[in-house]
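1. What follows is a predicted structure for the sequence shown.
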Amino acid sequence: MDNDRRVLIPIPALFSFEECLWFLNRNYDDCLHLIKNNTIYKSLALDGELLLIAIKSNGAFLDVSVLEGNVSAEAKDFLTKYVVDWFDMDRNIQPFYDGLLADNRLSYMADAYQGLRVIGIANLFEAICWSIIGQQINLSFAYRLKRRLVERFGEHLEYDNHVYHIFPAAEILAEAEVDELRGMQFSQKKAEYLIGIARAFLDGSLSKEMLLDLPDFEARKKALISHKGIGVWTANYALMKSLKEPEGIPHGDIGLLNALTSHGIIQERSETQKIDALFAQFKGWESYLVFYLWRSLAVKELA
DNA sequence: CTCCAGGGCAAAT
DNA sequence: ATTTGCCATGGA
């Protein structure tokens, strides 16, 4: 790939592309990226145009190549920021590791998952829709529903015999019919929630910019929860994944509870004081703790 | 067949 | 202010 279609991003300390790649390449069928030969392929929309990028590790750098689409200086800047945000590269996570090492129940993670970053979802609309889709159903089914939604309402581009999808724009989903989503096996409520959220993004009552303008984490959480379909879990998930809020703890998350149980931190799901005490140890790094606990679940799946 | 999944809402205590 | 019933579907 010639250099004017490529950007190199320096890899920070305590960053592992392999660990991040592992997360994206779990046992699930995610329709929004493809991983092949340790390379991530993903389509992105920039100013109404679709790009296809390939991301791979290249020594001390992440190599981001543009396979399709125009590559202006602005596009390079956008892509750099996108990837840095996606893999949370612009953060020194040493303090989190200090916290892990100080807890003998969790210290193994500093070595076992070294360099894993909280993988983000830059698009807040997508993050919210995805968490609504995933409410109270198994993840395999959730990914299947997401794929149906994306293939029906999202844009795509084709490259080298492969289709690369973009998450649907709120403008499109706002016009969708509940009945059609029902036919795609969304529940009545989830269909209503998704369309309602899309309309909220359309009329401006919800947006990433609006949330960022609010004074603090609690205000942003409150603003999210005021919308139908967004409860505590979804709000925290969205704040964690899209706004990279360190305080975002998806309370009640079944995976989180299972991980806390398997690490001997709680015996019963109702032991919220013990959970609060653990997260108090990780002030400012709550979302990292959640993500590493989720990471720990997958080992069991493979066993 | 039963139980439960990366929950949330509205009605009933 | 907390608890309960229900939602939809599929995998174990």
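-> Perfect, thanks for sending it.

2. alpha carbons only for contacts and neighbour counts from here, please
-> Will do.

3. Up against DNA strand B, what does the stretch 51-200 of chain A have?
-> A:132, A:134-140 (CA under 7 Å from any atom of the strand).

4. Of these, keep whichever come out buried.
-> Neighbour-count burial (16 or more other CA atoms under 10 Å) is assigned, among those, to A:132, A:134-135.

5. which one of these sits closest to residue A:198?
-> Checking these against residue A:198 by CA to CA gives residue A:132 as the nearest, at 12.1 Å.

6. next structured bit after whichever strand or helix holds that closest one?
-> Taking DSSP states H and E as the criterion, residue A:132 maps to helix A:124-133. Using DSSP H and E, the helix or strand that follows helix A:124-133 in sequence is helix A:139-153.

7. next one: that next one to chain centre, how far?
-> Computed by CA atoms, centre = their mean, to the nearest Å, the chain-centroid distance of helix A:139-153 equals 15 Å.

8. What is the subsequent helix or strand relative to whichever strand in chain A runs longest?
-> Secondary structure of chain A per DSSP state E: the longest strand is strand A:49-58. With elements assigned by DSSP H and E, the helix or strand that comes after strand A:49-58 is strand A:61-68.

9. now the longest strand of chain A, how far from the centre of its chain.
-> Distance of strand A:49-58 from the chain centroid (CA atoms, centre = their mean) equals 18 Å.

10. quick one: buried residues of it?
-> Buried residues in strand A:49-58, defined by neighbour count with 16+ other CA under 10 Å: A:50-57.

11. Nearest to DNA strand B, out of those: which one, please.
-> Nearest to DNA strand B among those is residue A:55, at 20.9 Å by CA to the nearest atom of the strand.

12. Not counting residues beside it along the chain, what's closest to the closest one?
-> residue A:64 (4.6 Å; CA to CA, 6 or more residues apart in numbering).

13. Could you tell me which residues of the stretch 1-150 of chain A lie near DNA strand C?
-> Residues of the stretch 1-150 of chain A lying close to DNA strand C (CA under 7 Å from any atom of the strand) are A:136-138, A:140-141.

14. For those, which two are the farthest from each other?
-> Of all pairs drawn from these, the greatest distance, 11.8 Å, lies between A:136 and A:140 (CA to CA).

15. okay if I get the buried residues of strand A:49-58 as JSON lines plus pLDDT and distance to residue A:208?
-> Formatted as JSON lines, those follow (pLDDT from 0 to 100; distance: CA to CA, whole Å):
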{"residue": "A:50", "pLDDT": "97", "distance to residue A:208": "21"}
{"residue": "A:51", "pLDDT": "97", "distance to residue A:208": "22"}
{"residue": "A:52", "pLDDT": "98", "distance to residue A:208": "24"}
{"residue": "A:53", "pLDDT": "98", "distance to residue A:208": "24"}
{"residue": "A:54", "pLDDT": "98", "distance to residue A:208": "26"}
{"residue": "A:55", "pLDDT": "98", "distance to residue A:208": "25"}
{"residue": "A:56", "pLDDT": "98", "distance to residue A:208": "28"}
{"residue": "A:57", "pLDDT": "98", "distance to residue A:208": "30"}
